[in-house]
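**Q** generate a structure from the sequence data that follows.
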Amino acid sequence: MPAEIRILAWGALLLMAHIFAAVHLKTRQYGAKWNMGARDEALPPLNPVAGRLARAQANFQETFPIAIVALLGVVLAGRTSDMTALGGWIWLGARVLYLPLYAIGVPMVRTLAFMASLAGLTLVIWPLLTG
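**A** Sure thing, here's the model as predicted:
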């Protein structure tokens with residue numbers, strides 16, 4: 001199995017971690033009734049940590065499709081290489097670091113982790129653009 005597919009599987013688990021972390025803190029703040037309800041009511045703003053986890057989840061959900069296209073793209077196009085695998089692992093590692101950095105509120109390092117994840121994706125996408 002190509003490493004890029006394994007990276008996608010880990011990315012899917014990371015998405016689940018984002019969802020569960022954010023929902024756990026929202027439920028602690030708003031209660032189990034909110035979690036199991038229709039969530040139609042207006043709510044007060046999230047506390048700072050819950051808000052950061054919700055924003056980290058949204059950020060991951062915005063960028064995960066790019067990773068899916070890039071990683072599946074190189075597999076389907078037969079363009080996998082040590083460089084695309086390295087890029088995928090860089091992306092995944094940076095995204096794993098991003099979640100706790102955002103949760104505890106480390107602004108500049110969090111941005112560096114995000115930029116490293118984009119650099120990793122660039123390594124994966126490049127063969128698709130230059131083939």
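**Q** who touches the lowest-mean-pLDDT helix or strand in the chain?
**A** Averaged element by element with mean pLDDT, DSSP states H and E, the chain has its least confident helix or strand at helix 32-36 (a mean of 85). Contacts made with helix 32-36 from outside it, assessed by Cβ atoms under 8 Å, 6 or more residues apart in numbering, are listed as 23, 26-27, 41, 43. (C-beta placed from N, C-alpha, C; glycine too.)
**Q** okay, and which of those map to helices?
**A** For the contacts of helix 32-36, membership in helices holds for 23, 26-27, with DSSP state H as the criterion.
**Q** rounded mean pLDDT for whichever strand or helix holds V124, please.
**A** Assigned by DSSP states H and E, V124 belongs to helix 107-130. Model confidence over helix 107-130 averages 97 on the pLDDT scale.
**Q** what of stretch 58-69?
**A** Averaged over stretch 58-69, pLDDT sits at 97.
**Q** quick one: contacts of it?
**A** Where contact means Cβ under 8 Å, 6+ apart, the residues beyond stretch 58-69 that reach it are 7-8, 11, 14-15, 18, 88, 91, 95, 98-99, 102, 114, 117, 121, 124.
**Q** still on that earlier bit, format the CA atom coordinates belonging to the least confident helix or strand of the chain as PDB.
**A** What follows is helix 32-36, C-alpha atoms only, in PDB (Å, rounded to 0.1, in the frame of the first residue of the first chain):
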ATOM      1  CA  ALA A  32     -25.600  17.100  27.200                       C
ATOM      2  CA  LYS A  33     -29.100  18.400  26.300                       C
ATOM      3  CA  TRP A  34     -27.600  20.700  23.700                       C
ATOM      4  CA  ASN A  35     -25.400  17.900  22.400                       C
ATOM      5  CA  MET A  36     -28.400  15.600  21.900                       C
END
